[in-house]
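*Asks:* Requesting a structural model of the entry that follows:
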Amino acid sequence: MLVLFTFLWGANFILAEIALKEMSPISFSVSRFATGGAAMFFVMYLQYRAKSGHKHSSISFLPNIKKKDWPRLLLISVIGATLAPWLGIEGLGLTHGARASLWLALGPAVSTACGYFLRTEQMGTYGFLGVILAVMGTLILGWDGLQPERGYWFGDLILIFALILTIIELHLIKPLARDYGPIPIVALRTAIGGTLYIFIASPSLLNVSWTSLGLWTWIAILAGGGIGVGLGQWVKVRALRKLGPTQVVLYGNLVPIAALLIAWLSIGENPSLPEIISALFIISGAILIQVIDREPDTPYQDAKVNSMYSKPEKETENP
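*Replies:* As a prediction, this is how the structure comes out:
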């Protein structure tokens, strides 16, 4: 399922590029985010109802967060549901969809580096080599964006920063997901950060001529938000129960392939040679990090990560 959604996310980049011709980046982003948030809440609530129906006692959909955990939750909400999507769409508006998806492929290298310094993940020899390849791909892609005829450097910087924020969120959310369960935490994070995002974007939303928007823009808002963002978040949460943060981000390396192909078939957008070369370096680095660089104690690590994203029944049930 996660593989299928990576291709849907790839199509999302192209749809967003089309929609940005009619809407400002923040107005489009918050509209899609609101649609996606509603879809995510609906799916998570159905899952919650199905789970609570099999229990003898009720299970709280939104738990009581301890006072000491509120600062972390607020930080995660602002990072993951306000700043990251805002900066991501602003960066996309300064570049193009297929190129933006290439920066997404840098995720495993950034995630591994963050995990290594935050002591949430380990990295072996092949992992270091993978990070080096990803850095080389980043330099090539950055050099290409600096060319006068391209002019993508500022958009590239914004996209890199948005990516870093997304990876930081994945690592910071682990303790809360362990204590309260991934579904309630993602729901609260989306509600808090999404409310702030809508408040920030409200002046821009009032200036949108909604009746004049084209069909593909509405598809980008409704289908891109509901399926790509909303259900995609639910799929990511499900994946985090069995995979570590870097392994989840690894599937993002299929997104550039899908985005490049869809862009070529739909709007005739051809990648430059430096973009192709940098993609090979970045994706090869990701493969080294998460496919080849496997520690001998991987089963133990997988079990440890799985336990952090699955809340024990005795803690989820009310006494």
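*Asks:* Show me where this structure dips below the pLDDT cut-off.
*Replies:* Along the chain, segments meeting pLDDT under 70 span 1-10, 52-61, 97-98, 105, 118-121, 149-150, 228-258, 260-269, 290-291, 293-319.
*Asks:* how about 50 then?
*Replies:* Scanning the chain for pLDDT under 50 picks out 57, 295-319.
*Asks:* Show me what the biggest helix by length in the chain is packed against.
*Replies:* The longest helix of the chain (DSSP state H) is helix 25-52. The contact analysis (3 or more CB pairs under 8 Å, 6 or more residues apart in numbering; DSSP states H and E) places helix 25-52 against helix 2-19, helix 84-93, helix 182-206, helix 215-223, helix 232-240. All C-beta atoms are positioned from the backbone trio N, CA, C, and that covers glycine.
*Asks:* at 7 Å instead, please
*Replies:* helix 84-93, helix 182-206, helix 215-223, helix 232-240 (3 or more CB pairs under 7 Å, 6 or more residues apart in numbering; DSSP states H and E).
*Asks:* now the longest one against helix 25-52, angle please.
*Replies:* Using axes from the mean of the first three to the mean of the last three CA atoms, to 10 degrees, the inter-axis angle of helix 182-206 relative to helix 25-52 is 150 degrees.
*Asks:* Next: the third one.
*Replies:* Between the axis of helix 215-223 and that of helix 25-52 there is an angle of 40 degrees, by the same axes, to 10 degrees.
*Asks:* For the helix or strand containing residue 70, enumerate the helices and strands it packs against.
*Replies:* For residue 70, the host element (DSSP states H and E) is helix 70-78. Applying 3+ CB pairs under 7 Å, 6+ apart, we find helix 70-78 packed against helix 153-172, helix 182-206.
*Asks:* hang on, residue 86 packs against residue 29?
*Replies:* Yes - counting by CB atoms under 7 Å, residue 86 touches residue 29, with 6.3 Å between them.
*Asks:* More neighbours: those two, which one.
*Replies:* More crowded of residue 86 and residue 29, by other CB atoms under 10 Å: residue 29, with 28 against 23.
*Asks:* Please tell me how far the closest residue to that one other than its chain neighbours sits from residue 197.
*Replies:* Residue nearest to residue 29 in three dimensions, not counting chain neighbours: residue 89, with 3.7 Å by CB to CB, 6 or more residues apart in numbering. To residue 197, residue 89 is 11 Å away according to CB to CB, to the nearest Å.
*Asks:* for residue 289, same thing?
*Replies:* From residue 289 to residue 197 the distance is 31 Å (CB to CB).
*Asks:* If you count surrounding residues, which of those two has more?
*Replies:* A direct count of neighbours by other CB under 10 Å for residue 289 and residue 197 places residue 289 higher, at 29 against 24.
*Asks:* Could I get the contacting residues of the more buried one?
*Replies:* 108, 109, 112, 127, 130, 131, 246 (CB atoms under 7 Å, 6 or more residues apart in numbering).
*Asks:* go again using 8 Å as the cut-off
*Replies:* When contacts are counted by CB atoms under 8 Å, 6 or more residues apart in numbering, residue 289 is found next to 108, 109, 112, 123, 126, 127, 130, 131, 134, 246, 250.
*Asks:* check which helix or strand covers the nearest residue to it once chain neighbours are set aside.
*Replies:* In this structure, residue 289 finds its nearest non-sequential neighbour in residue 130, 3.8 Å apart by CB to CB, 6+ apart. Using DSSP H and E, residue 130 maps to helix 125-146.
*Asks:* buried sites along that helix?
*Replies:* 126-131, 133-138, 140-142, 144-145 (16 or more other CB atoms under 10 Å).
*Asks:* what does that helix contact?
*Replies:* 95, 99, 102-103, 106, 108-109, 112-113, 123, 150-153, 155-156, 160, 272, 274-275, 277-282, 284-289, 292-293.
*Asks:* do that again at 6 Å, thanks
*Replies:* 106, 109, 112, 152-153, 156, 274, 277-278, 281-282, 284-285, 288-289, 292-293 (CB atoms under 6 Å, 6 or more residues apart in numbering).
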